[in-house]
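Enquirer: This is the structure alone, sequence omitted:
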């Protein structure tokens, strides 16, 4: 990350960087909103062949993340970050991957696709209703260490305290305070 100009600038200015940990929290069925907590993800997802599709910044992390949850991914379609899906492309991906990896006695309805929170809205627009039941979303949350949260709250309150102090001498306390 130190190769990013914005990171170097922040470090040069003495701005403390706060790193977050991304943690999966649940698996959600796209079609009906059914939620499967972490404890039951693998049990539910492993009842069917699982494929993954993602268009995120670091797609190489998505499949291992699913594996750590006990979900064995047979195939992962990793697309570029902010990928713009088309109906034709999605139809092709679904047909090709199901055809190439379908177990001999499995039906297309038994195939489970897992995608990211970021990709889910894009895919939902393009999926016919009968295929939406096959799609699950791995929902994640960003977790920041408690000491970083406390620091950030302290930093956020400093300008507010300064505004209150400056504004308290004013006859109109609702007037905006210029900080130039």
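Expert: Yep, it's here. Note that the structure is predicted; figures quoted are calculated from it, not measured.
Enquirer: Regarding residue 141, what is its secondary structure?
Expert: strand (DSSP: H, G, I helix; E, B strand; the rest coil).
Enquirer: The nearest residue to it once chain neighbours are set aside sits in which helix or strand?
Expert: Leaving aside its chain neighbours, residue 141 sits nearest to residue 25 (5.1 Å; criterion: C-beta to C-beta, 6 or more residues apart in numbering). Just so you know, the C-beta spots here come from the backbone N, C-alpha and C atoms, and that holds for glycine as well. Using DSSP states H and E, residue 25 falls within strand 21-29.
Enquirer: what's next to that strand, contact-wise?
Expert: Residues outside strand 21-29 that contact it (C-beta atoms under 8 Å, 6 or more residues apart in numbering): 34-38, 41, 44-45, 65, 69, 114, 133, 135-144.
Enquirer: how about a cut-off of 10 Å?
Expert: If you take C-beta atoms under 10 Å, 6 or more residues apart in numbering as the criterion, strand 21-29 is touched by 34-42, 44-45, 61, 65-66, 68-69, 71, 112, 114, 117, 120, 132-145.
Enquirer: and the residue nearest the centre of the chain, what does it touch?
Expert: Nearest to the mean C-alpha position of the chain, counting by C-alpha atoms, centre = their mean, stands residue 117 at 4.5 Å. Residue 117 is in contact with 28, 56, 137, 138, 139, 140, 141, counting by C-beta under 10 Å, 6+ apart.
Enquirer: Isn't the last one up against residue 38?
Expert: What that stands for is residue 141. No. Applying C-beta atoms under 10 Å, one finds residue 141 not in contact with residue 38, separated by 11.3 Å.
Enquirer: What residues of stretch 20-33 count as buried?
Expert: Within stretch 20-33, the residues scored as buried using 16 or more other C-beta atoms under 10 Å are 24, 26, 27, 28, 29, 30.
Enquirer: In JSON lines: those residues, plus pLDDT and distance to residue 52.
Expert: Shown next, in JSON lines, are the buried residues of stretch 20-33 (pLDDT from 0 to 100; distance: C-beta to C-beta, whole Å):
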{"residue": "24", "pLDDT": "89", "distance to residue 52": "13"}
{"residue": "26", "pLDDT": "89", "distance to residue 52": "16"}
{"residue": "27", "pLDDT": "88", "distance to residue 52": "12"}
{"residue": "28", "pLDDT": "90", "distance to residue 52": "15"}
{"residue": "29", "pLDDT": "88", "distance to residue 52": "15"}
{"residue": "30", "pLDDT": "82", "distance to residue 52": "14"}
